[in-house]
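S.K.: Attaching a predicted model along with its sequence, questions to come.
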Amino acid sequence: MAVASEIDGSASMSTAPQSPVIEAKGLDLTFQTNDGPVQALRDVNLTINKGDFVSFIGPSGCGKTTFLRVVAALEHPTGGSITVNGMTPDEARRKRAYGYVFQAAGLYPWRTIEKNIKLPLEIMGFDKAEQDRRVKNVLELVDLAGFGKKYPWQLSGGMQQRASIARALAFDADLLLMDEPFGALDEIVRDHLNEQLLELWARTHKTIGFVTHSIPEAVYLSTKIVVMSPRPGRITDVIESTLPAERPLDIRDTPEFLEIAHRVREGLRAGHAYDD
């Protein structure tokens, strides 16, 4: 494991105590709709520390994506509190404190891969030489060196998602939010990207929040798994992984992996048992 950042070339991670990257206390969010109020999140309490890889898992409509959107200041809570690097989500957004990877790659078809990655750097005012340096580095990080001049339609779905991850990494935020980025991909490609994402996380030391519907994916990737109930979204369990940092795919056949997966499954069942 080399350096704290493959992008900016900084020195190794500090061992000094760190404040939580994300801290939610009693978080509520209620949407007002034509059919009346809909509570998406209820009394969510969660701490995510620097370097954590946290997966959010639960049924559709449980608030997984909503929570990520609150962190990114794309939604605003109606109760409780949340901080991102000690700031409000709005302050964190203005300081470019996170990168966001959506379910779809969201690449502009008229821009090459390198120009798609450059877009946030252009908006942020980086000079051309710095843009070129960062694009080169992140393309290497996601194993797309040599594909910068290609257009999105010339790449496979998995390669497009890696380009989307590269774009989110380009301005070197410490926090990476990923909303089910591999959900539409076939199992073989998904497994490969899971392996690559773990390697990327080990090399960059990012803090990652990752939404998924897949129990094996959540268990394989995470240091911490947050299990959520159906709406209103509540946390039914927070599972600290005991798996080693080095995780070949066949770790999924081990008793330790299967035990964690069983606990996730039981947490999902417990969530369905709640009465509103």
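M.R.: Arrived safely, thanks for sending.
S.K.: Could you find the closest non-adjacent residue to Leu46?
M.R.: Counting by C-beta to C-beta, 6 or more residues apart in numbering, Ala24 is the residue found nearest to Leu46 once chain neighbours are left out, at 4.7 Å. Just so you know, the C-beta spots here come from the backbone N, C-alpha and C atoms, and that holds for glycine as well.
S.K.: what about dumping the CA coordinates of the host helix or strand of that neighbour to PDB?
M.R.: Assessed by DSSP states H and E, Ala24 sits inside strand 22-33. Extracted in PDB, the C-alpha atoms of strand 22-33 (Å, rounded to 0.1, in the frame of the first residue of the first chain):
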ATOM      1  CA  ILE A  22     -19.700  11.700   8.300                       C
ATOM      2  CA  GLU A  23     -21.700  11.900  11.500                       C
ATOM      3  CA  ALA A  24     -25.500  11.700  11.500                       C
ATOM      4  CA  LYS A  25     -27.500  12.100  14.800                       C
ATOM      5  CA  GLY A  26     -31.300  11.600  14.900                       C
ATOM      6  CA  LEU A  27     -31.500  12.300  11.200                       C
ATOM      7  CA  ASP A  28     -35.000  12.500   9.700                       C
ATOM      8  CA  LEU A  29     -36.200  13.400   6.200                       C
ATOM      9  CA  THR A  30     -39.800  13.700   5.200                       C
ATOM     10  CA  PHE A  31     -40.900  14.600   1.600                       C
ATOM     11  CA  GLN A  32     -44.100  16.500   1.000                       C
ATOM     12  CA  THR A  33     -46.000  15.000  -1.800                       C
END
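S.K.: Mind giving me the packing neighbours of that strand?
M.R.: Helices and strands touching strand 22-33, by 3 or more C-beta pairs under 8 Å, 6 or more residues apart in numbering; DSSP states H and E, are strand 36-48, helix 64-71, strand 79-84.
S.K.: tell me the domain ranges of the chain?
M.R.: 22-97+174-272, 105-172 (automatic domain parsing).
S.K.: can the ones you listed go into JSON lines with extra columns for mean neighbour count and mean pLDDT?
M.R.: Shown next, in JSON lines, are the domains of the chain (neighbours: other C-beta atoms under 10 Å; pLDDT from 0 to 100):
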{"stretch": "domain 22-97+174-272", "mean neighbour count": "18", "mean pLDDT": "93"}
{"stretch": "domain 105-172", "mean neighbour count": "18", "mean pLDDT": "93"}
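S.K.: This structure: helices as residue ranges?
M.R.: For the chain, the helices defined by DSSP state H cover 64-71, 89-94, 113-124, 128-141, 157-169, 187-204, 215-221, 255-272.
S.K.: Now do Asn137 against Glu266, distance only.
M.R.: 42 Å (C-beta to C-beta, to the nearest Å).
S.K.: quick one on the thing from earlier: I'd like the helices and strands packed on strand 22-33 written out as JSON lines, with distance to Gln154 added.
M.R.: Shown next, in JSON lines, are the helices and strands packed on strand 22-33 (distance: least, C-beta to C-beta, whole Å):
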{"stretch": "strand 36-48", "distance to Gln154": "37"}
{"stretch": "helix 64-71", "distance to Gln154": "29"}
{"stretch": "strand 79-84", "distance to Gln154": "36"}
